[in-house]
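Chemist: just the structure for this:
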Amino acid sequence: MGYAETYAAWQADPEGWWTEAARALDWDRFPTRALDDANPPIYRWFADGEMNTCHNALDRHVAAGRGDQAAIIHDSPVTGTKRTLTYAEMRDATARLAGALRARGVEKGDSVIIYMPMVPEAVIAMLACARIGAVHSVVFGGFAAHELAVRIDDAQPRAIIAGSCGIEPGRVVEYKPLLDSAIEQSVHDPDFCVILQRPEHAARLGPRDVEWEEFQKDVTPADCVPVGGADPLYILYTSGTTGQPKGVVRPNAGHAVALHWTMKNIYGIDPGEVFWAASDVGWVVGHSYICYAPLLVGATSILFEGKPVGTPDAGTYWRVIAEHGVRSLFTAPTAFRAIKRVDPEGAFIGKYDISCLRTLYLAGERADPDTVIWAQNRLKVPVVDHWWQTETGWPIVANPLGLEPLPIKVGSPSVPMPGWDVRVLDEAGHELPRGTLGAIAVKLPLPPGTLSGLWNAEERFRKAYLTTFPGYYETGDAGLIDEEGYVYIMARTDDVINVAGHRLSTGAMEEVLADLPEVAECAVIGVKDDLKGQLPMGFLCLTAGVNKPHEQVVKDAVARVRDQIGPVAAFKLAVVVDRLPKTRSGKILRATMARIADGEAFKIPATIDDPAILDEIREAIRPLGYGG
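Modeler: Numbering: from 1, shown residues only. Predicted coordinates:
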């Protein structure tokens, strides 16, 4: 079936449709029904079934005779090392670590924090927890001690598994002092910490610490433990507006069923093929599409420890693709903007044979048309934007290449996937006509694989996602749906600004600015204005080699927005900056920039890549009369 037929089949019988999808996996007890709807708006999938995610990701493939196939390829340009682990090797390593954890008292339902760099042992640790029914919570390696402490107190882990260090271009980040400081700051004390000693820096161990290899000596490998379909697989913390992070809970069965379905139908990946999600295991993309989904379907997953530029150059992505035979690359638009800024003509691409690459997938933030078109022209493959969130775990809106490649509309992540009933609502919760900008919401129940709640915070879960629009999940994103059903995500709801009574999308302005040949990357925020309520302010990062005067670039930018969006946008404020403040996953911190511009107090986001950029932003906008 093509897309329309598949989506219609899901609409006609959602439970039957997902039950059929569930048959692709191994179950200890197949569920008698798919959806438990006894307690709306809290729903559970496959709740009376029993299965094990680690078994389905590893043991199942070994038993099918594919143990010698590569499961994980670790490519680390920052250390100059490469390493391949087969499915059989991954199963054995995971069983051994799981056995060691169980021998030290970690049981089904206990939580374990993982604080590691991009090394195979991070994936092994995740799967080892899943193997014995423990709940893992991966915290981005090198995260600040205070933020780690907050997560320790919320998750209350029985154990912490950490690396001795992470490697950044030009520096080694010691993890152990951060971990020790976090434990000192937290109220909860873990029973023990397992430390993977990396050759680049050996940590000094304390009384509660045990070295990775020593920890696993003489242990009995653990078999997979059956868990309930609705039992939690992991907690993943995402930023909360109150400053208290939200622990998104992912249940086992729905997660495995949904992710398995996506690999073939959305990403077009078959067992044995190589898939590369250029992200970090600390983010949802790393959970879903580095660790779990590729292994659930029996593919080979690339674990990359490096950057799109600087490790060593703007050609590192093309080297990895050529060397390992990558079929599909999934990365954030910011990675391509970084490559485009350094290598605007794509000269590095010609140095490698990347004919193996079938598709580029972009997600994590809006994929501006200029970046999409640049990638299309130089890679000569479909460039597919798709939209999802930490909370959803897999794509809400995508172009299902494995089902049926749909026409690509640059600027749209395409159409809702089966399981997702996407609507555009006004502030009162009424559905808006096609083509009208509003709040994007999803009719309940959410499909399998989405969050089942927040860790020990059901009321917060309801308030954060389920109360603004009763009967709907509030995505927090704004956009529209066109006459053909294509969805356009224009901005976070907070980024839709009100200029003299006109609701305008900052994302639409960013698209216009990104189209200027001198502009490599840009951001638009709303700033307070006594007369109009809000005004848009643009930040422009220039392409390498551009020597046009900044004043002229700003003048051209203002003229372009006036011409393509109109005087109603009142776009007059813009500055050229060297870089934009971002999270480590590449998301631009627009809300923080707006608070700086308005002279408001703000908390430095825990996920920021470099806090010094905020001072640069403040100094850049002071000549415009903003920034306090």
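Chemist: helices of the stretch 501-628 of the chain, start to end?
Modeler: All helices of the stretch 501-628 of the chain, identified by DSSP state H, counting those that start in this stretch, fall at 506-514, 550-564, 590-597, 612-621.
Chemist: buried set for the longest one?
Modeler: Judged by neighbour count (16 or more other C-beta atoms under 10 Å), helix 550-564 contains these buried residues: Val553, Val554, Asp556, Ala557, Val558, Arg560, Val561, Arg562. Yep, even glycine has a C-beta here, placed from its N, CA and C like the rest.
Chemist: contacts only, for Glu391.
Modeler: Thr238, Val248, Thr450, Leu451, Tyr465 (C-beta atoms under 8 Å, 6 or more residues apart in numbering).
Chemist: most distant residue from the centre of this protein?
Modeler: Of all residues in the chain, Leu531 sits farthest from the chain's C-alpha centroid, using C-alpha atoms, centre = their mean; the distance is 38.8 Å.
Chemist: measure Lys82 to Ala278 for me?
Modeler: Lys82 sits 16 Å away from Ala278 when distances are taken as C-beta to C-beta, to the nearest Å.
Chemist: stretch 358-375: end-to-end distance?
Modeler: From its first residue to its last, stretch 358-375 covers 13 Å (C-alpha to C-alpha, to the nearest Å).
Chemist: quick one on the thing from earlier: out of the helices of the stretch 501-628 of the chain, which gets the lowest mean score?
Modeler: Set side by side, these differ in mean pLDDT, and helix 506-514 is lowest with a mean of 87.
Chemist: before we move on, back to that, farthest-apart pair in the contacts of Glu391, please.
Modeler: Thr238 and Thr450 (13.3 Å; C-beta to C-beta).
Chemist: who has more neighbours out of these two?
Modeler: A direct count of neighbours by other C-beta atoms under 10 Å for Thr238 and Thr450 places Thr450 higher, at 26 against 16.
Chemist: just to be sure, that one is in a helix?
Modeler: No. Under DSSP: H, G, I helix; E, B strand; the rest coil, Thr450 sits outside any helix and is assigned coil.
Chemist: that one against Gly393, yeah?
Modeler: Yes. Shown here, Thr450 and Gly393 form a contact pair, counting by C-beta atoms under 8 Å, at 5.8 Å.
Chemist: mutual contacts of the two, please.
Modeler: Once C-beta under 8 Å, 6+ apart is applied, the residues that Thr450 and Gly393 both contact turn out to be Ala258.
Chemist: where in the protein is the helix or strand with the lowest mean pLDDT?
Modeler: Counting by mean pLDDT, DSSP states H and E, the weakest-scoring helix or strand in the chain turns out to be strand 502-505, with a mean of 73.
Chemist: and that one, what other elements does it pack with?
Modeler: Contact analysis of strand 502-505 by 3 or more C-beta pairs under 8 Å, 6 or more residues apart in numbering; DSSP states H and E lists strand 496-499 as its packing neighbours.
Chemist: can you list the buried residues in the strand it packs on?
Modeler: Those buried within strand 496-499 under the rule 16+ other C-beta under 10 Å are Val496, Ile497, Val499.
Chemist: one more: stretch 400-420?
Modeler: Residues of stretch 400-420 classed as buried by neighbour count (16+ other C-beta under 10 Å): 400-403, 405-406, 408-409, 411-420.
Chemist: now intersect those with the strands, please.
Modeler: With strands taken from DSSP state E, the overlap with those comprises Val415, Pro416.
Chemist: hang on, Val554 packs against Val575?
Modeler: Yes. Look at Val554 against Val575 with C-beta under 8 Å: they come within range, at 7.0 Å.
Chemist: need the residues touching each of the two.
Modeler: Common neighbours of Val554 and Val575, counting by C-beta under 8 Å, 6+ apart, are Leu540.
Chemist: gap between the closest residue to Arg579 other than its chain neighbours and Ile588?
Modeler: Setting aside the residues directly before and after it, Arg579 is nearest to Ile613 in space (C-beta to C-beta, 6 or more residues apart in numbering), at 5.9 Å. Plainly put, Ile613 is 11 Å away from Ile588 if you go by C-beta to C-beta.
Chemist: and Gly2, by the same measure?
Modeler: Using C-beta to C-beta, one obtains 36 Å as the distance from Gly2 to Ile588.
Chemist: repeat that for Gln69.
Modeler: 39 Å.
Chemist: show me which of those two is the more surrounded one.
Modeler: Using other C-beta under 10 Å, the more surrounded residue of Gln69 and Ile588 is Ile588, with 21 against 16.
Chemist: sorry, back to before: report the contact partners of the residue nearest to Arg579.
Modeler: If you count contacts by C-beta under 8 Å, 6+ apart, Ile613 has them with Arg579, Leu580, Pro581, Lys582.
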